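Novice: Structure for this input, please:
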Amino acid sequence: MTGRIAAFIGFVTLITAPFFALAEGEMKDVAVVCETAEGGVACQVQADVPLFCVAVGPDDEPRANSTVTAGTGLAVFNGVVTEDVAAIRCRTVG
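Specialist: Numbers count the residues shown, from 1 in each chain. Next up, the predicted model:
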C-alpha cells in the first residue's frame, strides 16, 4: 500500500511540476478578456508564438494552466470560474 501511495505522489509531482515550478522572472502578466466557458474560463490572449499561461487568483496563487497556440490565441482554464482569475501570467514555450 505504501508503494502505491509513493507511486501516486511521484506521478502527481511529475505532471504538476511544470505548473508549480515556474521561475517568476520568466512569467509576464498579460492583458486578456476572459469569459465563462463550458467547464471553466476561456481567455483571449494575443500570441505570436506558443505560450504557457497560468491563471492566478486574487491571493496570487495559481489556479489553472493552459497552453496557447499562436493561431487561436485562446487560453482555456478548466475547473475555475471568472471570479477566481485575477491575472494571467504567460511565458513562451520552449
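
Novice: How many residues are close by the residue nearest to residue 44 when sequence neighbours are not counted?
Specialist: Computed as C-beta to C-beta, 6 or more residues apart in numbering, the closest residue to residue 44 that is not its neighbour in sequence is residue 33, at 5.1 Å. (Each C-beta comes from the backbone N, C-alpha and C, glycine too.) Applying other C-beta atoms under 10 Å, we find 8 residues neighbouring residue 33.

Novice: Same question for residue 48.
Specialist: Using other C-beta under 10 Å, the number of residues around residue 48 comes to 8.

Novice: so it touches residue 69, yeah?
Specialist: No: checked against C-beta atoms under 8 Å, the pair residue 48 and residue 69 is beyond contact range at 10.8 Å.

Novice: ranges for the helices of this protein?
Specialist: Remark: helices assigned in the chain by DSSP state H are 2-20.

Novice: And the residue nearest the centre of it?
Specialist: For the chain, residue 65 is the residue whose C-alpha lies nearest the centre (C-alpha atoms, centre = their mean; 1.4 Å).

Novice: For that one, give its distance to residue 76.
Specialist: Taking C-beta to C-beta, to the nearest Å as the measure, residue 65 falls 10 Å from residue 76.

Novice: do you know how far the residue nearest to residue 44 is from residue 41?
Specialist: The gap separating residue 33 from residue 41 is 11 Å, by C-beta to C-beta.

Novice: And the strands in this structure, which stretches?
Specialist: Taking DSSP state E as the criterion, the chain carries its strands at 28-30, 33-37, 40-44, 51-56, 62-68, 74-78, 87-92.

Novice: now the ones you listed as CSV including mean pLDDT?
Specialist: Converted to CSV, those look like this (pLDDT from 0 to 100):
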stretch, mean pLDDT
strand 28-30, 78
strand 33-37, 89
strand 40-44, 91
strand 51-56, 92
strand 62-68, 92
strand 74-78, 92
strand 87-92, 90
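
Novice: Tell me which of the ones you listed is the most buried.
Specialist: Highest mean neighbour count among the strands of the chain (mean count of other C-beta atoms under 10 Å): strand 51-56, with a mean of 22.

Novice: list the helices and strands that strand packs on?
Specialist: strand 40-44, strand 62-68, strand 74-78, strand 87-92 (3 or more C-beta pairs under 8 Å, 6 or more residues apart in numbering; DSSP states H and E).
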